[in-house]
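A.B. asks: Have a look at this fold, sequence not included:
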């Protein structure tokens, strides 16, 4: 039986069979007849299908509340349609047979930069280390109100941050590795044996002297500007020029922001790997100074067309590929946009014109393949772009809107396969006799927002030519994005 003190203990009942054990899930059974329940998401809406959510319990067993504790009562009890519910804090999923599957506690489950993280999984990985006696993980704000993971651990001696990061890389993805590590004498607990976060010490940045082999850049203004960028991004105003950026609050997203800021300020392209190898303000300033001297020596070289199917990635693409490799959420850089079309549309010709557009702009038929640990831009002429067609013109407008929202959600959450493609998805929805919605989704690694009107204008110019019976066999020989990438890597930045 599963139960909660605030609901007079018992809530569900389940007779466990061998088959339940073999399934490997925590099935807590059905809610008892005298109680009611809802499974609610973080927006306070009842979940549908196999979504997970917090278990709310109602009925005769629900208590009146916490004695003389109005704050807790407001937090843990709520009224829905004049029915009083207790918010259990337990994350569950409603199974097809009406049973409930227990997932976790929602206070152990956090959202960080788009990822759902179980703090218990991180704690387990660190508690498995021989030299750590006990460990807990919290999520809290640091510096510029940015959220970070903090590891508090009990050990005989203080452990190096590099060791604590490297030791769990085989069992935890990058986004689950804490930003900060704090050694404590013991883990503070409440009288009920639960973690007392209020007694955990606050993180304090330690001063760090410059290694003797690290020289300051000749141009002091470079390090001053880099420092300003770092402080503005992570909000850590006490960081000195020789402290690790990763150990001072940098994460994969703030690294990308710093790379963009460096490009805008110094007109210098820095790859993520270079930044990670030089992750102090001083080292990074030296890299920028050296790159600037190289730039002065270089002469302008025009971009040439190249008869090849593979190219290096641009630095911008390398940044995105780096994020794609390290993040679980592969939909992070989908560019989704839509256009209304008035008039009749020939679906066959629209698809044909899209294919011709992709032959003209080869980036639309490109994929990102991995060779020797590096990303490579490859033009794949075998890719054919199909248009998904739906007709919702015969259903009410409110249902049409619901359908469109569903299509948009599908595209927003689409997980593009960078290695095999295609890296774009097109949907045409007929909403009325002569009205359509064109929904486009393209991965940012081959596209950007500035290109949307250019693509649409070019696409429909080709479509009009086909519709009017004009031949569209013009020579597509022109400078491609791959040519620019090759030029950037070969001539602009060595």
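C.D. replies: Yes, it's here. Please read these numbers as outputs of a predicted model, since none were measured by experiment.
A.B. asks: Now do the SS call for residue 338.
C.D. replies: strand (DSSP: H, G, I helix; E, B strand; the rest coil).
A.B. asks: wait, it sits on residue 441?
C.D. replies: No. In this structure, residue 338 is not within contact of residue 441 by CB atoms under 8 Å, at 9.6 Å. All C-beta atoms are positioned from the backbone trio N, CA, C, and that covers glycine.
A.B. asks: Those two - which one has more neighbours?
C.D. replies: Looking at residue 338 and residue 441 with other CB atoms under 10 Å, you find the greater number of neighbours at residue 441, namely 23 against 16.
A.B. asks: what's around the closest residue to that one other than its chain neighbours, how many residues?
C.D. replies: What sits nearest to residue 441 in space, not counting adjacent residues and going by CB to CB, 6 or more residues apart in numbering, is residue 411, at 4.0 Å. Using other CB under 10 Å, the number of residues around residue 411 comes to 22.
A.B. asks: Quickly find the element holding residue 411.
C.D. replies: Under the criterion of DSSP states H and E, residue 411 resides in helix 397-412.
A.B. asks: State the mean pLDDT of that helix.
C.D. replies: Regarding helix 397-412, the rounded mean pLDDT is 87.
A.B. asks: repeat for stretch 249-267
C.D. replies: Per-residue pLDDT values over stretch 249-267 give a mean of 79.
A.B. asks: All the strands of the stretch 351-494 of the chain, residue numbers only.
C.D. replies: Under the criterion DSSP state E, counting those that start in this stretch, the stretch 351-494 of the chain carries strands at the ranges 366-371, 374-379, 387-391, 424-432, 435-443.
A.B. asks: Please, where are all the helices along the protein?
C.D. replies: Remark: helices of the chain, listed N- to C-terminal, are 18-23, 70-76, 119-127, 161-166, 220-234, 252-266, 272-277, 281-297, 315-326, 347-360, 397-412, 452-467, 481-487; assignment by DSSP state H.
A.B. asks: Among those, which comes closest to residue 203?
C.D. replies: helix 161-166 (11.6 Å; CB to CB).
A.B. asks: Give the buried residues for that closest one.
C.D. replies: Under the neighbour-count criterion of 16 or more other CB atoms under 10 Å, helix 161-166 has 161, 164, 165 buried.
A.B. asks: ditto for stretch 92-101
C.D. replies: Neighbour count says stretch 92-101 has 92, 93, 94, 99, 100, 101 buried, by 16+ other CB under 10 Å.
A.B. asks: beta partners for the fifth one?
C.D. replies: Which is residue 100. The residues paired with residue 100 through beta bridges, assigned by DSSP bridges, are residue 29, residue 94.
A.B. asks: ok, it to residue 41 distance?
C.D. replies: Shown here: residue 100 relative to residue 41, a distance of 15 Å by CB to CB, to the nearest Å.
A.B. asks: Quick one: residues in contact with stretch 1-18.
C.D. replies: In this structure, residues lying in contact with stretch 1-18 by CB atoms under 8 Å, 6 or more residues apart in numbering are 20, 27-32, 35, 37, 57, 59, 61-63, 76, 86, 88, 90, 99-100, 102.
A.B. asks: Drop anything exposed from those residues.
C.D. replies: Looks like the contacts of stretch 1-18 have 27-32, 35, 37, 57, 59, 61-63, 76, 86, 88, 90, 99-100, 102 buried, using 16+ other CB under 10 Å.
A.B. asks: Of those residues, which belong to strands?
C.D. replies: Among these, the members found in strands (DSSP state E) are 27-31, 35, 37, 57, 59, 86, 88, 90, 100, 102.
A.B. asks: Just send the residues you listed back as a markdown table, with distance to residue 344 and pLDDT too.
C.D. replies: Listed next are those as a markdown table, based on distance: CB to CB, whole Å; pLDDT from 0 to 100:
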| residue | distance to residue 344 | pLDDT |
| --- | --- | --- |
| 27 | 54 | 88 |
| 28 | 56 | 92 |
| 29 | 57 | 92 |
| 30 | 54 | 93 |
| 31 | 54 | 93 |
| 35 | 57 | 93 |
| 37 | 51 | 95 |
| 57 | 55 | 95 |
| 59 | 58 | 92 |
| 86 | 57 | 94 |
| 88 | 55 | 90 |
| 90 | 54 | 87 |
| 100 | 51 | 93 |
| 102 | 54 | 87 |
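A.B. asks: thinking again about what came up before, which one of the helices of the chain lies nearest to residue 183?
C.D. replies: The stretch from the helices of the chain with the least distance to residue 183 (CB to CB) is helix 161-166; that distance is 10.1 Å.
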